[in-house]
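*Asks:* I'll drop the sequence and a predicted model, then ask my questions.
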Amino acid sequence: MNIVIALGILVTLVTGIPVLIQLLRQHPKGLLILFFAEMWERFSYYGMRAILIFYLTQHFLFEPKAASAHYGSYTSLVYLLPLIGGFLADKYLGTRKAVAFGAILLVAGHLTMAIEGKPAVQTLTYQGATYEFQAEGRGQQLVAKLVVAGKPYDVAATKTGDFEVKGLPADAPLPAVLAKADYKLDVKGRDPLYLNIFWLALSLIIVGVGFLKPNISTIVGQLYPQGDPRRDPGFTLYYYGINLGSFWASILCGLLGVTVGWWAGFGLAGIGMLAGFVVFVLGKPLLMGKGEPPEPKALKAKVVGPIDREMVIYALSLVGVVGVFFLVQRNPVVGAALIAGIAASLGYILWFMFAKCGKEERERLALAVFLIFGAVVFWTLFEQAGSSLSLFAATNVQLDLVQAPVQWFGGAVTLATSEQLVAAGIDKASTFWINTSFNAPQTQALNAGWILIFAPVFAFLWTWLGKRGRDLNPVVKFGLALIQVGAGFLVLQIGATFADGAFRLPLVFLVVMYMLHTTGELCMSPVGLSQMTKLSPPTVVSFMMAVWFLAVAIAQYIGGMIAGLTTTETVGGQVLDPAAALATSLEVFNVIGLIAIGIGVLFLALSPWLKKWSHGSDDTDAAPVDSATKIH
């Protein structure tokens, strides 16, 4: 039995029962369908994300800085494309058709990721002779050894930063210590065919998320009338479903990816997405007609012969996959696209505010833009989880849940990793063995696990405060979120004082960091999603939801650059100098943590003034926006 899976089942049962009760008794039936559809979609996305950075650094052997940039470009495009998907849903497709089409692309993308191919090989060239590295294991278990005269040798960095080959005999063709200027590291065997298959898979996922992500959240908001006090709790429960999927994705896809093969982890993610598509299609009747095309006749109007407008949209979207295929490989172009997206979005919002809105709607939209700025800062730090924090966990965190075998009931039950059992001479057949191994990709489940625990609590808290008229305004919640995400990184600074001889922090400090990030997330994300639907006029609600995800896109790209600042030299995907890696990471984490706390305090200070811009949109008895009289 694996203890991580056992604990996951326990957490799911304990937290899931009250969530299920609330879903069945207090909310529209359609929320249940959207809950499970989005749960499986997030299972696929986070399952792939759990192992993506390791796939880039250990399979294709990208340098961590380059891998972090590619990761940032990919994830930023994942959140940039909803601008287009949200617009097309508002204008033509309707949210339900957009979600279904996006799901089909996602199934294709995730299953394509399972086509792995042979791994690349790291080489070292010294005085004209080239030597290959032999890599074994994945994740934090990866060990790269230099093969000299047919024999593998361990490698490391010296205190002065030179390259050391341990145990090398005196008559070897190269010295045991090589100065940086005397050797060259390179990569061979990075198969262009499989690399292009990889880029294609990412492109399908990016376009698929662009159609699905903003629109399924919009349908959640459409299930509730304006002023319904169940809306914020409903979004929080929906957010629980998102994280239930990501929780099990990180555990299972991370486990399969590291122990079986990258193809197995990615393949399981694809199966999860297929399950989400089936749930959404079968649950259509429970959506009560929500999310249908705004003008069905216009959508079915013929454009060329038998080809109608809907078919044209789908065909052009597939052409868009080709465009994204070239874009995702070029980080500078992605940065330029983001700048263009920001400018265009803000320009459209400003035009809409002054050309189409009255004073109240204009100030509501201005408040939404301010909240989006806070989201950019928050997600820049929070989304380090899939890049710098995953690599940090693999190199600088003690991931074994126990440091030596723990035996209970006279040895009848033993908690240990497989390696610890062998080292202690304990026969697996003589005890009930609970495997306590925990790998680096699975650390991403910590955030989702805390969500499962805290989401029902926060849903109850917001409801309890709302009924008493004491709910915190959104600006305060955003300020608290920023303070908590910044404080999480400072916890790692404390943990560094307890690092062992291998420069690894105790796991508990990473757990506490993710707890603070999670409580901050619950103050930010479900509240932010809800605010976009409350503050936006009905005619642009999907677009504003997409702009919310654009904020995440900007954060992902900036986050990729920040993650690149935390990296140090690697060979074959293995960090050469753990001490330097720890020092570099903590320096960056300290700076971004303090900046986030400072901006969070600013939000708290401005909240009394900014609250007025909501014009009662958070009141439980708020009247619906009358587009005929207030939007002109």
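*Replies:* Yep, it's here.

*Asks:* Would you quantify the distance from the residue nearest to Tyr45 when sequence neighbours are not counted to Gly86?
*Replies:* Nearest residue to Tyr45, sequence neighbours excluded (C-beta to C-beta, 6 or more residues apart in numbering): Val209, at 7.1 Å. Yep, even glycine has a C-beta here, placed from its N, CA and C like the rest. As defined by C-beta to C-beta, to the nearest Å, Val209 lies at a distance of 12 Å from Gly86.

*Asks:* who has more neighbours, those two?
*Replies:* Between Val209 and Gly86, counting by other C-beta atoms under 10 Å, Gly86 is the more crowded of the two (30 against 27).

*Asks:* other SSEs contacting the helix or strand hosting that one?
*Replies:* With secondary structure defined by DSSP states H and E, Gly86 is part of helix 82-88. For helix 82-88, the contact count by 3 or more C-beta pairs under 8 Å, 6 or more residues apart in numbering; DSSP states H and E identifies helix 95-113, helix 192-222, helix 541-565 as packing neighbours.

*Asks:* Distance from the chain centre to it, please.
*Replies:* The offset between the C-alpha centroid of helix 82-88 and the centroid of the whole chain comes to 20 Å, using C-alpha atoms, centre = their mean, to the nearest Å.

*Asks:* which outside residues touch it?
*Replies:* Outside of helix 82-88, the residues that reach it under the criterion C-beta atoms under 8 Å, 6 or more residues apart in numbering are 98, 102, 209-215, 218, 313, 320, 341, 345, 542-543, 545-547, 549-550.

*Asks:* Just the buried positions in it, please.
*Replies:* Pro82, Leu83, Ile84, Gly85, Gly86, Phe87, Leu88 (16 or more other C-beta atoms under 10 Å).

*Asks:* cool, stretch 260-268 as well?
*Replies:* Buried positions in stretch 260-268, judged by neighbour count with 16+ other C-beta under 10 Å: Trp262, Ala264, Gly265, Phe266, Gly267, Leu268.

*Asks:* tell me which of the residues you listed is nearest to Gly254?
*Replies:* Within the buried residues of stretch 260-268, distances to Gly254 taken as C-beta to C-beta reach their minimum at Gly265, with 6.8 Å.

*Asks:* how far away is the closest one from Leu256?
*Replies:* When C-beta to C-beta is the yardstick, Gly265 and Leu256 sit 5 Å from each other.

*Asks:* From Tyr240, how far off is the residue nearest to Tyr45?
*Replies:* In terms of C-beta to C-beta, Val209 sits 20 Å off from Tyr240.

*Asks:* can you check Ala98 too?
*Replies:* Here Ala98 is placed at a distance of 24 Å from Tyr240 (C-beta to C-beta).

*Asks:* ok, now which ones touch Asn447?
*Replies:* With contact taken as C-beta under 8 Å, 6+ apart, Asn447 is in contact with Asn243, Ser246, Ala385, Tyr514, His517, Thr518, Glu521.

*Asks:* how much space between the first one and Ala6?
*Replies:* If I follow you right, that is Asn243. According to C-beta to C-beta, Asn243 stands 19 Å off from Ala6.

*Asks:* now the third one
*Replies:* According to C-beta to C-beta, Ala385 stands 23 Å off from Ala6.

*Asks:* Look at those two and report which has more neighbours.
*Replies:* Relative neighbour count places Ala385 above the other of Ala385 and Ala6, with 23 against 12, counting by other C-beta under 10 Å.

*Asks:* The more buried one reaches Pro441, doesn't it?
*Replies:* No. With contact taken as C-beta atoms under 8 Å, Ala385 and Pro441 are classed as non-touching, separated by 10.9 Å.

*Asks:* which SS state does the residue sitting furthest away from the middle of the chain fall under?
*Replies:* Each residue of the chain has a distance to the centre, and by C-alpha atoms, centre = their mean the biggest one is for Asp171: 49.7 Å. Reducing the assignment to helix, strand or coil with DSSP: H, G, I helix; E, B strand; the rest coil, the entry for Asp171 is coil.

*Asks:* next helix or strand past the helix or strand hosting Ile483?
*Replies:* Under DSSP H and E, the secondary-structure element containing Ile483 is helix 474-495. Once the chain leaves helix 474-495, the next helix or strand it forms, by DSSP H and E, is strand 505-506.

*Asks:* what comes into contact with that following strand?
*Replies:* Contacts of strand 505-506 (C-beta under 8 Å, 6+ apart): Asn396, Val397, Gln398, Leu492, Gly495, Ala496, Phe498, Ala499.

*Asks:* The fifth one: how many residues sit nearby?
*Replies:* Applying other C-beta under 10 Å, we find 21 residues neighbouring Gly495.

*Asks:* Name the nearest residue to it, ignoring sequence neighbours.
*Replies:* Nearest to Gly495 is Phe509, by C-beta to C-beta, 6+ apart, at 3.0 Å.

*Asks:* A helix includes that neighbour, no?
*Replies:* Yes. Under three-state DSSP, Phe509 falls within a helix.
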